[in-house]
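Enquirer: For reference, the sequence and a predicted model appear below.
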Amino acid sequence: MKRRKFLKTVMGISGILAVTPFVPIKDYLITNVSFEFTRQKIGNINELPPGSRKIYTYPVTGNPELDGDPFRKFLLLRLPDGSLKSYSAVCLHLWCLVDYKSERNQIECPCHGSIYDPNTGIAIRGPASLQFNKTLPEVKIEVEENGDIYANGVVGVIGYGKEGAV
Ligand code: FES
C-alpha cells in the first residue's frame with residue numbers, strides 16, 4: 001500500500017472513532033448487530049400495579065455479554081390508567097438508559113435531562129426533544145387471557161436519534 005493511501009485509510013478509521021467519543025468500540029460493535037425480535041414472554045400484568053414499571057431484556061439469548069447489551073434493555077410500563085406500554089430504554093440523545101418515574105408519570109434520562117411522554121415515547125423536553133427523531137422505539141405487546149405479557153417485535157431503530165441528530 002502506498003504511503004498516501006495508507007494515511008487516507010488511517011485517517012478514515014480515526015474519523016469514524018472521532019464521531020463516537022462516548023461509546024467504547026467494543027460496545028459500538030456489540031450494539032450494531034441486528035436483532036431478531038421474536039415473541040417472548042416479558043411478565044404478567046398481575047405483577048405490575050398501575051403506575052409501575054419493569055426493566056427487561058429483549059431478545060434474550062442466554063449469553064450474559066449479549067444480554068447485558070444496553071440495546072437489549074426495555075421498559076415495560078403500566079400507566080396510571082392501567083394501560084401497558086413498552087419502549088427501548090436507550091435515550092435517543094447519547095444512549096444513556098432512561099427510566100420511568102411514576103411520581104411524575106414520565107420517562108426521564110439521568111444524563112442530560114431529556115423527558116419522554118410515557119403515552120407516546122416522544123421526547124418532550126431536553127436535548128432528545130430537539131433531535132430529528134425524538135420517538136423511542138416501541139415494543140409490540142400482546143396480553144393473553146391469563147395476564148401473561150409478550151413482546152413481539154419493535155417498531156423503530158434503537159439509538160437512531162443520536163445518528164440522525166440535526
Ligand atoms: S443521553 Fe439522555 S439526555 Fe443525553
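Expert: That came through fine.
Enquirer: all strands for this protein, in order.
Expert: Assigned by DSSP state E, the strands in the chain fall at 40-44, 52-57, 73-78, 84-88, 99-101, 106-108, 115-116, 123-125, 138-143, 148-155.
Enquirer: just checking, what packs against the fifth one?
Expert: By that I understand strand 99-101. Contact partners of strand 99-101 among helices and strands, from 3 or more Cβ pairs under 8 Å, 6 or more residues apart in numbering; DSSP states H and E: strand 52-57, strand 73-78, strand 106-108. Bear in mind the C-beta positions are built from the backbone N, C-alpha and C, glycine included.
Enquirer: That strand: which residues count as buried?
Expert: Residues residue 100 are the ones in strand 99-101 that count as buried (16 or more other Cβ atoms under 10 Å).
Enquirer: Could you pull up the mean pLDDT of that strand?
Expert: Average pLDDT, strand 99-101: 98.
Enquirer: Distance from the chain centre to that strand, please.
Expert: With Cα atoms, centre = their mean, to the nearest Å as the basis, strand 99-101 stands 13 Å off its chain's centre.
Enquirer: What strands line up against it, and which way round?
Expert: With DSSP bridges as the test, strand 99-101 is paired with strand 106-108 (antiparallel).
Enquirer: which residues touch the closest residue to residue 110 other than its chain neighbours?
Expert: Leaving aside its chain neighbours, residue 110 sits nearest to residue 96 (6.4 Å; criterion: Cβ to Cβ, 6 or more residues apart in numbering). Residues near residue 96 by Cβ atoms under 8 Å, 6 or more residues apart in numbering: 90, 109-112.
Enquirer: quick one: contacts of stretch 52-70?
Expert: 27, 30-31, 35-38, 40, 42-43, 47-48, 72-78, 89-90, 95, 97, 99-100, 102, 139, 151, 154.
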